[in-house]
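Student: after the sequence you'll find the predicted model.
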Amino acid sequence: MRPVRVGYCIDSFDIGGTELNAVRTLEALDRKRFRVTVFHLHGTGPLRSRYDSLGVELMHLRIGSLYSPRTVAQGLRFLRTLHSQGIEVVHTHDVYTNIFATPWAWLGGCRIVASRRWLDEVPRRGLATLNRWSYRFVDRVVVNSALSSQVLVDSESVPATRIIELPNFVEERAFQHVSAEVRSARRHSWGIPPGAFVIGTVARLVPVKNHSMLLHALSCLDERIHGVIIGEGPARAALEALARSLHVETRVHFIGQLLEVTNLHQFLDASVLCSRSEGFPNSVIEALAAGCPVVATPVGGIPEVINHGRTGMLVPVDDPQGLAAAIEKLHRDKDLYRRLSESGLACVRAKYHQSAVISRLEGLYQQLAEAGGGAIART
């Protein structure tokens, strides 16, 4: 059977939940069944090497503003490439490629899959309107949580029949642990003393992730509990200043951005996510795969994974005392810690392993390609 030709559209090679999910998905696709060309709007970034290593064709579409002549010229170039390569299915992964690529792909007679991997945050308000307009051209919209699906139906008038729920996933390697010696050496390299109980978060340092709640909670906890913050972003200087003002700077370890395939949550004793808004965060299911209990705020799709007291713990947004109490309970109650570790691991292996999620996406690509031009209704 000849491979299905797929146009894979991404905005950038930067680090983020959407970007990581896109590259992981491509890494997991059966490239004997699917021949992929990656169209990207920005040329460089830390994830570029992972795409290069796959040996897929990359095409940089250097657009300007969405209304500029250069953007129109790149759209025509994109359209010509769709025709010359015989691309059957176009999959856009973010708000910018939803807006830019879907109308050109529609003109090219391609089947189109758009993505909605965020709940309500877009860089500019006007983009939300344009993104809603882009759904008119698509055959299916992939969402990563039941809540996002409901938002599309209720607020953006997308028919439920055109929505496919495919959650974020973890690869088998996310379940693999390093040795106790390697784990101890890594924690030592981060400046963590032996015997410390380590809470931490793996997330971009931006206000919506609400790292300040973690720092305030740490200030309520005793000296044996240390915090690890993995990630980079514009909020770092302010967070470091806050740690000093709370007198916890010796117990907070800012590690920076780490580009590695090792599941970083295995170096923590508990994983914390204090976000004010989320779609469906990768970090929660990565922590569960590592057997690391999760304490998180009940925003976005998080409650679809974290059942309080069964697969993790939920605390209100902007409640550092509640977070501190949950962490202290995990620290002291060994039976609770073991139950959450085991049940969280079982949950993510059953529902969020890549094998189940990728097979459904591959089936969608195959279905759309077999339908050909115009057989799938867009209404």
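Tutor: Ah, there it is. Numbers count the residues shown, from 1 in each chain.

Student: how near is residue 11 to residue 127?
Tutor: 11 Å (CB to CB, to the nearest Å). Yep, even glycine has a C-beta here, placed from its N, CA and C like the rest.

Student: joint contacts of those two?
Tutor: The contact sets of residue 11 and residue 127 overlap at 95, 96 (CB atoms under 8 Å, 6 or more residues apart in numbering).

Student: higher neighbour count, those two?
Tutor: residue 11 (21 against 15; other CB atoms under 10 Å).

Student: quick one, what contacts the more buried one?
Tutor: By CB under 8 Å, 6+ apart, the neighbours of residue 11 are 19, 40, 41, 42, 93, 94, 95, 96, 97.

Student: tell me the contacts of the nearest residue to residue 225 once chain neighbours are set aside?
Tutor: Take residue 225 and drop its neighbours on the chain: the residue closest to it by CB to CB, 6 or more residues apart in numbering is residue 197, 4.9 Å away. If a contact means CB under 8 Å, 6+ apart, then residue 197 has 224, 225, 226, 269, 270, 331 as its contacts.

Student: which among those count as buried?
Tutor: 225, 226, 269, 270, 331 (16 or more other CB atoms under 10 Å).

Student: now, those residues that are in strands?
Tutor: Using DSSP state E, 225, 226, 270 are the members of the buried ones among the contacts of residue 197 that sit in strands.

Student: can you lay out those as JSON lines showing pLDDT and distance to residue 57?
Tutor: Shown next, in JSON lines, are these (pLDDT from 0 to 100; distance: CB to CB, whole Å):
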{"residue": "225", "pLDDT": "97", "distance to residue 57": "49"}
{"residue": "226", "pLDDT": "98", "distance to residue 57": "46"}
{"residue": "270", "pLDDT": "98", "distance to residue 57": "43"}
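
Student: need those in CSV (columns: distance to residue 304).
Tutor: Below are those laid out as CSV (distance: CB to CB, whole Å):
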residue, distance to residue 304
225, 29
226, 30
270, 20
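
Student: and after the helix-or-strand element of the chain with minimal mean pLDDT, which helix or strand comes next?
Tutor: When the helices and strands of the chain are compared on mean pLDDT, DSSP states H and E, helix 125-134 comes out lowest with a mean of 88. Using DSSP states H and E, the helix or strand that follows helix 125-134 in sequence is strand 140-143.

Student: can you show me the strands along the stretch 151-300 of the chain?
Tutor: For the stretch 151-300 of the chain, the strands defined by DSSP state E, counting those that start in this stretch occupy 163-165, 197-202, 225-230, 252-256, 270-273, 294-296.

Student: average pLDDT across the first one?
Tutor: When the per-residue pLDDT values of strand 163-165 are averaged, the result is 96.

Student: check the second one too.
Tutor: Averaged over strand 197-202, pLDDT sits at 97.

Student: dump that strand to PDB, restricted to CA.
Tutor: Only the C-alpha atoms of strand 197-202 are listed here, as PDB (Å, rounded to 0.1, in the frame of the first residue of the first chain):
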ATOM      1  CA  PHE A 197      12.300  15.600  50.200                       C
ATOM      2  CA  VAL A 198      12.200  17.200  46.700                       C
ATOM      3  CA  ILE A 199       9.200  18.800  45.100                       C
ATOM      4  CA  GLY A 200       9.500  20.300  41.700                       C
ATOM      5  CA  THR A 201       8.000  21.500  38.500                       C
ATOM      6  CA  VAL A 202       8.900  21.100  34.800                       C
END
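
Student: what's across from the nearest residue to residue 251 once chain neighbours are set aside in the sheet?
Tutor: Distances taken as CB to CB, 6+ apart place residue 226 nearest to residue 251, at 4.8 Å, with adjacent residues excluded. Note on residue 226: beta-bridge partners by DSSP bridges are residue 198.

Student: residue 226: what's it in contact with?
Tutor: Contacts of residue 226 by CB under 8 Å, 6+ apart are 192, 193, 196, 197, 198, 199, 251, 252, 253.

Student: any chance of the residues you listed in JSON lines, with distance to residue 86 too?
Tutor: Listed next are these as JSON lines, based on distance: CB to CB, whole Å:
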{"residue": "192", "distance to residue 86": "54"}
{"residue": "193", "distance to residue 86": "60"}
{"residue": "196", "distance to residue 86": "57"}
{"residue": "197", "distance to residue 86": "57"}
{"residue": "198", "distance to residue 86": "52"}
{"residue": "199", "distance to residue 86": "51"}
{"residue": "251", "distance to residue 86": "58"}
{"residue": "252", "distance to residue 86": "54"}
{"residue": "253", "distance to residue 86": "51"}
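
Student: which one of these is nearest to residue 139?
Tutor: Comparing those against residue 139 with CB to CB places residue 199 closest, at 43.5 Å.
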